[in-house]
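S.K.: Whatever this is, show me its structure:
(one chain, ligands or ions: 2)
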Amino acid sequence: MAEIGKDIHKAAELLKRGKLVAIPTETVYGLAANAFNPEAVLNVFEAKERPHFDPLIVHSSTAQWVKQHVAETSPMAQILMDEFWPGPLTLVLPKKPIVPDVVTSGLDSVAVRVPSHPMTQDLLRMLDFPLAAPSANPFGYVSPTTAQHVQDQLGDKIDYILDGGPTTVGLESTIIGFEEGKPVVFRLGGLSIDVIEEVIGKVELSLNQSSDPKAPGMLKSHYAPGKPLYFGNPGEMITDFEGKRIGFLGFMTRLEFLPPKQQLILSPHGDLHEAAVNLFAFMREFEKFPVDLILAEKLPDIGLGRAINDRLRRASVIP
Ligand code: AMP
Ligand code: MG
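M.R.: Ligands and ions are numbered 1, 2, ... in the order given. As a prediction, the model looks like this:
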């Protein structure tokens, strides 16, 4: 098993030696390696069993640092950096040659982000290289939002888990790229689209491409828990599952016709931020519940609700 601790010096030493360290971010826990060390980055793919066509996000402590490895920053990208970094927004920009091909899966663009988690900020400032870090879970599975989630699934494959507590956003970053100068959303995430649109105006969505994805979060089936999950209207779906033990993942209220111990409610007060924080931990909890399957209710399709619905749809048996 990996050691879990709060020692950023130890984490920094391991990363300098090309080892893998799980790091807390505000979105989800990442599995980090020196982005400039291709061998270390290859080990990230191996530990996650992630296909090599699926590029990684490169994390730096400041926008200044990011600019050392991107070839150009458009005025609109600059506005987004100024407004939303550090925070749950990833930008896809043309890369400099210093970024190894293994990080970008051979693309000439690189996904970059400045995370806001204080512990990871301190760690990044101790390093003279950025960290390539996808979510710290086996490929295709639910992302980890606590150090223990990482331990449960990747503990035997990594050296150290830096414990920064439960993540405060709970969803992966929103990914924005540019096509012919126009901003395009590749993945919905922890920064909601309406907040982005208030700053740069209307943005196009380019989600849901199932082959040759620009972003793996675009794969139709992803983020899946260990039990079959069905997404939609529970009242309509329930008739299909007679004789099965049903788990219910609801937004605000329980279903009367199911035992309370088979149900988890994301936010009794109807707070979408709270729902996002709880989402992945609750999906994992159903694995220990005496249920055969999970019915997940659709949330209001606004703000963070859009990203939560996106994850539930992709986690479901029939995406
Ligand atoms: P994960 O770290 O597992 O949340 O996934 C990283 C996300 O960043 C994936 O959806 C990647 O495909 C996306 N990404 C990384 N590099 C690029 C790139 N050059 N172009 C488009 N998307 C990218
Ligand atoms: Mg992931």
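S.K.: Could you use CA atoms for every contact and neighbour count after this?
M.R.: Will do.
S.K.: can you map out the helices along the stretch 151-300 of the chain?
M.R.: Ranges of helices within the stretch 151-300 of the chain are 193-200, 234-237, 272-285, based on DSSP state H, counting those that start in this stretch.
S.K.: Among those helices, which comes closest to ligand 1?
M.R.: helix 272-285 (13.5 Å; C-alpha to the nearest ligand atom).
S.K.: got the buried residues for the closest one?
M.R.: 272-284 (16 or more other C-alpha atoms under 10 Å).
S.K.: Pipe those residues into a markdown table and attach pLDDT and distance to residue 259 per row.
M.R.: Listed next are these as a markdown table, based on pLDDT from 0 to 100; distance: C-alpha to C-alpha, whole Å:
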| residue | pLDDT | distance to residue 259 |
| --- | --- | --- |
| 272 | 98 | 25 |
| 273 | 98 | 26 |
| 274 | 98 | 23 |
| 275 | 98 | 21 |
| 276 | 98 | 24 |
| 277 | 98 | 24 |
| 278 | 98 | 20 |
| 279 | 98 | 20 |
| 280 | 97 | 22 |
| 281 | 98 | 20 |
| 282 | 98 | 17 |
| 283 | 97 | 18 |
| 284 | 96 | 19 |
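S.K.: got any ranges where this structure has weak pLDDT?
M.R.: 208-222, 319 (pLDDT under 70).
S.K.: can you name the farthest residue from the center of it?
M.R.: residue 243 (34.8 Å; C-alpha atoms, centre = their mean).
S.K.: residues near residue 172, how many?
M.R.: Residues lying near residue 172 (other C-alpha atoms under 10 Å) number 29.
S.K.: try residue 156
M.R.: 13.
S.K.: could you measure it against residue 150, distance?
M.R.: Taking C-alpha to C-alpha, to the nearest Å as the measure, residue 156 falls 10 Å from residue 150.
S.K.: same thing with residue 186?
M.R.: 26 Å.
S.K.: Tell me who's in contact with the one residue sitting closest to the centre of the chain.
M.R.: The chain has residue 172 as the residue nearest its centroid, 2.6 Å off, counting by C-alpha atoms, centre = their mean. Shown in contact with residue 172 (C-alpha atoms under 8 Å, 6 or more residues apart in numbering): 27, 28, 88, 189, 190.
S.K.: unless I'm mixing things up, the fourth one is touching residue 176, no?
M.R.: No: using C-alpha atoms under 8 Å, residue 189 and residue 176 do not qualify as a contacting pair, with a distance of 10.2 Å.
S.K.: and the two? which has more neighbours close in?
M.R.: residue 189 (29 against 25).
S.K.: quick one, what contacts residue 283?
M.R.: Here residue 283 is in contact with 142, 225, 249 (C-alpha under 8 Å, 6+ apart).
S.K.: From those, pick the one nearest ligand 1.
M.R.: For the contacts of residue 283, the nearest to ligand 1 is residue 142 (10.0 Å; C-alpha to the nearest ligand atom).
S.K.: residue contacts, the closest residue in space to the closest one that isn't next to it in sequence?
M.R.: Closest residue to residue 142 apart from its sequence neighbours, by C-alpha to C-alpha, 6 or more residues apart in numbering: residue 223 at 4.2 Å. Residue 223 makes contacts with 140, 141, 142, 143, 311, 312, 314, 315, as judged by C-alpha under 8 Å, 6+ apart.
S.K.: Let's see that with 6 Å instead.
M.R.: By C-alpha atoms under 6 Å, 6 or more residues apart in numbering, residue 223 lies in contact with 140, 141, 142, 315.
S.K.: Which of the residues you listed ranks first by neighbour count?
M.R.: Neighbour-wise, the contacts of residue 223 (other C-alpha under 10 Å) top out at residue 315, 27 neighbours.
S.K.: For it, grab phi and psi.
M.R.: phi -80, psi -10 (degrees, to the nearest 10).
S.K.: CA atoms only: put stretch 194-212 into PDB for me.
M.R.: Extracted in PDB, the C-alpha atoms of stretch 194-212 (Å, rounded to 0.1, in the frame of the first residue of the first chain):
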ATOM      1  CA  ASP A 194     -22.800  30.200 -17.500                       C
ATOM      2  CA  VAL A 195     -19.900  31.700 -15.400                       C
ATOM      3  CA  ILE A 196     -17.500  31.400 -18.300                       C
ATOM      4  CA  GLU A 197     -20.100  32.900 -20.700                       C
ATOM      5  CA  GLU A 198     -20.500  35.900 -18.400                       C
ATOM      6  CA  VAL A 199     -16.800  36.700 -19.100                       C
ATOM      7  CA  ILE A 200     -16.300  35.800 -22.800                       C
ATOM      8  CA  GLY A 201     -19.800  35.500 -24.300                       C
ATOM      9  CA  LYS A 202     -21.400  32.400 -25.900                       C
ATOM     10  CA  VAL A 203     -19.200  29.300 -26.100                       C
ATOM     11  CA  GLU A 204     -19.700  26.300 -28.400                       C
ATOM     12  CA  LEU A 205     -20.000  22.800 -26.900                       C
ATOM     13  CA  SER A 206     -18.100  19.900 -28.500                       C
ATOM     14  CA  LEU A 207     -18.800  17.000 -26.200                       C
ATOM     15  CA  ASN A 208     -19.700  13.400 -26.800                       C
ATOM     16  CA  GLN A 209     -17.400  12.300 -29.500                       C
ATOM     17  CA  SER A 210     -16.900   8.600 -28.900                       C
ATOM     18  CA  SER A 211     -14.000   7.800 -31.200                       C
ATOM     19  CA  ASP A 212     -10.700   9.600 -31.400                       C
END
